[in-house]
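Trainee: how would this look folded up:
(2 chains)
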Amino acid sequence: MDFRKLLLVDDEEGVRRFLGLSLMDLGYEVKTASNGREALAVFEEFQPNIVFTDIKMPVMDGIELLRIIKEKSPDTEVVMITGHGDLDLAIESLKFDASDFITKPINNDVLEVSLERARERFTMKCALREHTENLERLVEEKTSRIVELERQNAACQVVNGLSSALESASREVETGSGLFNELPCLVSIHNRYLEIVAHNTLFEERLGNHVGDNSFDIYSDRTSPGNACPVQRTFQTGKGQRSRETFLGKDGEEIPVTVYTAPIPNKDGEIELVLDISVDMSEVTRLKDELFATRYKYQRLFDEAPCYITVQDADLAIVEANRLFKRDFGEVEGHFCFEAYKHRSEPCEGCLVDKTLLDGEARQRETVVTTLSGERKHMLVQSAPLHDASGRVIQAMELSTDITEIRRLQDHLTSLGIMLGSMSHGVKGMLTSLDGGIYRLESGLKKGDAERVDAATKTLKAMIGRVKKMVLDILYYAKSRELETEAVDAAAFLRETAAVGAAKAASAGVEFVEDVPEGLGEIKADTAALSAALVNFLENGVDACEGRGADGGGRLSLSARREGDNLVVTIADNGMGMDRETREKIFTLFFSSKGKRGTGIGLFISNQTIEQHGGAIAVDSAPHKGTTFTITLPRGPAR
Amino acid sequence: MTKKILIVDDDVEIRSYLSELLGDNGYETVTASDGSEAVDIAKAEKPDLITLDLEMPNEWGPRFYRKISQDEALKRTPVVVISGLNAIKYAIPKAVASLTKPFEPEQLLKIVKENIG
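Mentor: Next up, the predicted model:
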């Protein structure tokens, strides 16, 4: 390598000039710098082989420069120039690998010697580097050759091992004994002439005896060697093959298979035989189909089940929901159950699924939920654990059955039960009164007491009327009948109804006022049901006035008017009136303010009838002031 | 001397029935339509026997019974309960008899006769 570029660093311009010229005379290409920092800049660009540097300089001294240069370029020779008294520094610089040091004033001979030494050192260093690099390359070469040899050796051993294994395998096939015959695969051995030399029992069972036949004969769609079968390809490429093929079965049926082949080399590494292991895919295909069908069946069961099913993970997040659930509660997958199902922001108190996830026990309870469409449903909710393969509970299934209808029937039955209970008491009272009426009638007749007979007859009539009404009420409640509507003249209908009320009022000494104008138009109504409902209000009015006594100024009125399309009927009395509590309960089934005399059915049915006609009832009442029922009916019934 | 019977019942028909039935059989009768009215009448009339309905407005049978059983003059008066309620014998355990409506008139007369002759 060239040793010509020299960088001279000194803060004294005279030194730079004089020394520079001397060095140039010696044949060096010289650049100069006045301090360490400047020198570094020049160094980067100039890439000198040797640096002469003064030690004591401003900005950056020679020692610092030496250190940095040696760091960047260890091969660069650095010779220190020292003045008097710098000897210690000069020696220190040697620690940082300076090549040499010369002292000022600089003697040309000394300079030459120093340069010669530096050159030698540089050359030697270069030679050493080259040598080292060569050595490394050499070692690498040798090593890789050894590795390659080892690899070949190992590969050879593997091939030998494989070959002997395959050979013994093929022997097993040939002798019809051993593991290969147990394999649930079609195993055959082929020679290089593409002849089948042996096959296992299953092969023979399925395809027949093919020993000596051509390798391609066993395929349903390969009739010549030109149509390369996997065995042929294995001989050609020397590599094992894998492909889907169709074999021709013994009885001519097609057998879908996956063929795996492996070359069996002899000791010299040449392929002598090919092992063909084929897996009958018809069973796999069948199993796949079955699996698919089963999955489909279960998905359908899940979706079509007439109940609400969700699968939830440990956070109560819904992993899966069936179709009915999604229909009534929306796309809930990924949402928390308590959000989607119960519209809550936190898990429900005593959550079944939570408990099931904890202890793996199935549970059930009843709850009320609201669907997307706002329908309230009574649900019987059941939870069951879902286990993973290791038996750990990982998810839970929640199954809700809509029992709204059952609840409704139950309520109806309960109501009937309550009705019978409450009514039996009233009935007993009536029967006692009837007994009394008969006793008084008989005894009155026996004694010829006309007054007693008269009173008894009145009692009997009233009692029979009450019994009749109660029985009819019960029958009406027990069978909720459909309306049989007809168009009738509203005024005529209301007057007929008012006449019934007027008779009751008269017998109780209550004044009756009827205000039904002509021209109310027609009304579509089930006249029997609507009339009964209105009479009920009128009877209640008469009863309410009863407390006033026969001459107590009791007054009952029925008035009617048209309001747009609606017919408005007002029934008012000045009787005992009702407090707020009573007012709010009057249309409730089995509520009666009349004690033993009321069944609590009458106004309930009246209200139902008015609603069936699409109408509405407003009640205005205050204790001791009287009651006004305002019944608004549309021209035609709603249903 | 004619025995006096107080009939307590809120149903006017039943009051008439009992009055005439007992009257025809030689008893003198007075009536009351609820418990509170009955207390006053009982104190004034000092009946020999009381027939008592249970369910009545204002003051029902058992409360009336509690009141008369605290009264020195009335507490030994025999009470016959006549009611349509179920299990009436538990309502007033000290009643001499309990009859369920509808009752047999002969049975009532027999009970009355046994108690006050």
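
Trainee: Can you tell me the closest non-neighbouring residue to the residue in chain B positioned nearest to chain A?
Mentor: Nearest residue of chain B to chain A: residue B:17, at 2.5 Å (Cβ to the nearest Cβ). C-beta here means a position set from N, CA and C on the backbone, and glycine is covered the same way. Leaving aside its chain neighbours, residue B:17 sits nearest to residue A:436 (2.5 Å; criterion: Cβ to Cβ, 6 or more residues apart in numbering or on different chains).

Trainee: Residue B:13 is in contact with the one you found, correct?
Mentor: Yes - using Cβ atoms under 8 Å, residue A:436 is in contact with residue B:13, at 5.8 Å.

Trainee: joint contacts of these two?
Mentor: Common contact partners of residue A:436 and residue B:13 (Cβ atoms under 8 Å, 6 or more residues apart in numbering or on different chains): residue A:459.

Trainee: Quick check: phi and psi at the residue most central in space within chain B.
Mentor: By Cα atoms, centre = their mean, chain B has its centre lying nearest to residue B:51, at 1.3 Å. The phi/psi pair for residue B:51 (degrees, to the nearest 10) reads phi -100, psi 130.

Trainee: so residue 31, which of the three states?
Mentor: Went with chain A since none was named. strand (DSSP: H, G, I helix; E, B strand; the rest coil).

Trainee: let's do chain B instead
Mentor: strand.

Trainee: From residue B:11, how far out is it?
Mentor: From residue B:31 across to residue B:11, the span is 11 Å (Cβ to Cβ, to the nearest Å).

Trainee: The two - which one has more neighbours?
Mentor: The residue with more neighbours, out of residue B:31 and residue B:11, is residue B:11; 22 against 19, by other Cβ atoms under 10 Å in any protein chain shown.

Trainee: in which helix or strand would I find the nearest residue to that one once chain neighbours are set aside?
Mentor: Spatially, and ignoring its direct neighbours in sequence, residue B:11 is nearest to residue A:429 (5.9 Å; Cβ to Cβ, 6+ apart). Assigned by DSSP states H and E, residue A:429 belongs to helix A:404-447.

Trainee: Of all residues in the stretch 351-500 of chain A, which one is closest to chain B?
Mentor: Of all residues in the stretch 351-500 of chain A, residue A:436 sits closest to chain B, at 2.5 Å by Cβ to the nearest Cβ.

Trainee: And for that residue, the neighbour number?
Mentor: 26.

Trainee: Run through the residues that contact it.
Mentor: A:459, B:13, B:14, B:16, B:17, B:18, B:20, B:21.

Trainee: taking those one by one, which sit in helices?
Mentor: Within the contacts of residue A:436, residues falling in helices by DSSP state H are A:459, B:13, B:14, B:16, B:17, B:18, B:20, B:21.

Trainee: Among those, which has the minimum pLDDT value?
Mentor: Among these, residue A:459 carries the weakest pLDDT, at 84.

Trainee: unless I'm mixing things up, that residue is touching residue B:16, no?
Mentor: Yes - the criterion here is Cβ under 8 Å, and residue A:459 meets it with residue B:16 at 7.3 Å.

Trainee: For those two, list the residues in contact with both.
Mentor: A:436, A:440.

Trainee: Show the residue spans covered by the strands in chain B.
Mentor: Ranges of strands within chain B are B:4-8, B:28-32, B:49-52, B:79-83, B:97-100, based on DSSP state E.

Trainee: Of all these, which one is nearest residue A:557?
Mentor: Comparison of the strands of chain B against residue A:557 by Cβ to Cβ identifies strand B:28-32 as nearest, at 35.1 Å.

Trainee: and the angle for that closest one with strand B:4-8?
Mentor: Here strand B:28-32 runs at an angle of 20 degrees relative to strand B:4-8 (axes from the mean of the first three to the mean of the last three Cα atoms, to 10 degrees).

Trainee: Spit out the contact partners of the closest residue to residue A:351 other than its chain neighbours.
Mentor: Closest residue to residue A:351 apart from its sequence neighbours, by Cβ to Cβ, 6+ apart: residue A:316 at 6.8 Å. Residue A:316 is in contact with A:336, A:337, A:338, A:347, A:351, A:353, A:354, counting by Cβ under 8 Å, 6+ apart.

Trainee: Likewise for residue A:484?
Mentor: So residue A:484 contacts A:526, A:528 (Cβ under 8 Å, 6+ apart).

Trainee: tell me the SS of it?
Mentor: Under three-state DSSP, residue A:484 falls in the coil class.

Trainee: I'd like to know how far it sits from residue A:633.
Mentor: Going from residue A:484 to residue A:633 by Cβ to Cβ gives 16 Å.

Trainee: Can you tell me what sits against stretch A:342-356?
Mentor: For stretch A:342-356, the external contacting residues (Cβ under 8 Å, 6+ apart) are A:312, A:316, A:336-339, A:361-365, A:367, A:369-370, A:381-385, A:393, A:396, A:398.

Trainee: did I read that right, residue A:632 in a strand?
Mentor: Yes - assessed by three-state DSSP, residue A:632 belongs to a strand.

Trainee: Now do it, the pLDDT please.
Mentor: 91.

Trainee: quick one, domains of chain A?
Mentor: Domains of chain A are assigned by automatic domain parsing as A:5-130, A:176-286, A:305-399, A:408-476, A:482-633.

Trainee: low-confidence ranges in chain B?
Mentor: Where chain B drops to pLDDT under 70, the residues are B:86-89.

Trainee: Report the spatially nearest residue to the closest residue to chain B within the stretch 101-250 of chain A, omitting neighbours in sequence.
Mentor: Of all residues in the stretch 101-250 of chain A, residue A:184 sits closest to chain B, at 79.4 Å by Cβ to the nearest Cβ. Among residues not flanking residue A:184 along the chain, residue A:202 sits closest, at 7.0 Å (Cβ to Cβ, 6+ apart).

Trainee: In three-state terms, label that neighbour for me.
Mentor: Under the three-state scheme (three-state DSSP), residue A:202 adopts helix.

Trainee: residue contacts, it?
Mentor: Residue A:202 makes contacts with A:181, A:183, A:184, A:185, A:186, A:187, as judged by Cβ under 8 Å, 6+ apart.

Trainee: Can you check what pLDDT the model gives it?
Mentor: pLDDT recorded at residue A:202 is 83.

Trainee: what does chain B have sitting close to chain A?
Mentor: When proximity is defined by Cβ under 8 Å from any Cβ of the partner chain, chain B lies next to chain A at B:10-11, B:13-14, B:16-18, B:20-21, B:24, B:55, B:57, B:84-86, B:100-103, B:105.
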